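*Asks:* Let's see this in three dimensions:
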Amino acid sequence: MRLIATLFFAFAMTTAQAEESRVISADGAITETIVALGAGAQLAGVDTTSHYPPEVIAELPKVGYLRALPVEGILSLKPTRLITTEEAGPEQTLEQIAAAGVDVVRLPVVRDVTSALARIRRVGELVGQQDEAKRLTRDIAEEVDTLKQSMVQKPPARVLILLAAGDHGVMLGGKDTAADALLLSLGLQSALPDVTGFKPASREALLASNPDAIVIAEARPGQFRPEQWPELTQLRAWRQGNRVTANAMMLLGFGPRLAEAFQTVAAIVPDETVISDAASETHAH
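*Replies:* Numbers count the residues shown, from 1 in each chain. All right, here's what the predicted structure looks like:
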């Protein structure tokens, strides 16, 4: 009886803490994680990189962009905790928010599977959903392992990743980016080995890339318009259908939709025959 009473008390305390918790999430992948763990009711506000799931996000106040967070806007929501990443800023703003009594938690930027799973578990701790986090990470790990094994059967394709980022235009995803990290995780190669960071797309770069597959990551649906990029649509990979356009946070956020991101990219990687032909075409030029 004493054990049952203790367990009930612990559950009651956890429930009470959840009800009192007012979390602001300033990172789209962290927001997705909180909702995926069943803790969406704790959210008091989100930043402008948070778009998913739309039915949850639509009801929540927006506190600005994670790199330019406003002190007043956040404190007006009376949060108990701000969960964000090391990319958040300005530094002075975060210091002021912490000084006002808000627990400011800055998680590492994630660019690999192991770190992604660790972040989900950490968010689970922060919102009192450790068991759900364990289940979610186990499921993701199993799906990712299965996908990686299937990719071993395919040759290391060269993939072009473009980021359609609204006002920032269309960017090439090069080295030291989440785009490159996604490819490396799947054993794929970048079609832009000489590009570092996200760089504005150009006609010359697109033609020179000669990829085996093309991934277009859209910050918002409809931001990429193929008709504005004829050089891209002339590429063999585009013409043969080895391409996909999908949500940027899903593809590059390394969040709870990580397995879906891997599956989305893996599905457009062509077989060995097509890649060999593409390579022959490159040598011919």
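*Asks:* Show me which residues of stretch 127-141 are buried.
*Replies:* If you call a residue buried by 16 or more other C-beta atoms under 10 Å, then stretch 127-141 has these buried ones: 127-130, 132-133, 136-137, 140-141. In short, each C-beta sits where N, CA and C put it, glycine included.
*Asks:* Test for you: state the pLDDT assigned to the most centrally placed residue in the chain.
*Replies:* Nearest residue to the geometric centre of the chain (C-alpha atoms, centre = their mean): residue 253, 0.9 Å. According to the prediction, residue 253 has pLDDT 95.
*Asks:* same question, the one 4 residues further on
*Replies:* Residue 257 is assigned a pLDDT of 97 by the prediction.
*Asks:* so it touches residue 32, yeah?
*Replies:* Yes: Residue 257 lies in contact with residue 32 (C-beta atoms under 8 Å); the separation is 6.7 Å.
*Asks:* Of those two, which one has the most company?
*Replies:* residue 32 (25 against 22; other C-beta atoms under 10 Å).
*Asks:* On the three-state scheme, that one is what?
*Replies:* Of the three states, residue 32 takes helix according to DSSP: H, G, I helix; E, B strand; the rest coil.
*Asks:* Name the nearest residue to it, sequence neighbours excluded.
*Replies:* Leaving aside its sequence neighbours, residue 32 sits nearest to residue 255 (C-beta to C-beta, 6 or more residues apart in numbering; 4.6 Å).
*Asks:* before we move on, the earlier item: of the buried residues of stretch 127-141, which pair is most distant in space?
*Replies:* Distance extremes for these: the farthest pair is 128 and 141 at 22.1 Å, using C-beta to C-beta.
*Asks:* Tell me which stretches of the stretch 51-200 of the chain form strands.
*Replies:* 81-85, 103-107, 158-164, 170-173, 189-190, 198-200 (DSSP state E, counting those that start in this stretch).
*Asks:* Mutual contacts of residue 257 and residue 32, please.
*Replies:* Shared contacts of residue 257 and residue 32, defined by C-beta atoms under 8 Å, 6 or more residues apart in numbering, comprise 52, 249.
*Asks:* related to what we said a few turns ago, tell me if I'm right that the residue nearest to the centre of the chain and residue 29 touch.
*Replies:* Yes: in this structure, residue 253 is within contact of residue 29 by C-beta under 8 Å, at 3.6 Å.
*Asks:* Would you mark the buried spots in stretch 163-180?
*Replies:* Residues of stretch 163-180 classed as buried: 163-165, 170-174, 177-180 (neighbour count, 16+ other C-beta under 10 Å).
*Asks:* typo on my end, it should be stretch 102-114
*Replies:* 102, 104-107, 110-111, 113.
*Asks:* What number of residues are in the vicinity of residue 207?
*Replies:* Per other C-beta under 10 Å, the neighbour tally for residue 207 reads 12.
*Asks:* mind listing what it touches?
*Replies:* Per C-beta under 8 Å, 6+ apart, neighbours of residue 207: 231, 234-235.
*Asks:* now do residue 163
*Replies:* Contacts for residue 163 (C-beta under 8 Å, 6+ apart) come out as 170-173, 179, 198, 217, 219, 248, 252.
*Asks:* For residue 234, see how far away it is.
*Replies:* 20 Å (C-beta to C-beta, to the nearest Å).
*Asks:* how near is the nearest residue to residue 152 once chain neighbours are set aside to residue 153?
*Replies:* Nearest residue to residue 152, sequence neighbours excluded (C-beta to C-beta, 6+ apart): residue 187, at 7.2 Å. The gap separating residue 187 from residue 153 is 11 Å, by C-beta to C-beta.
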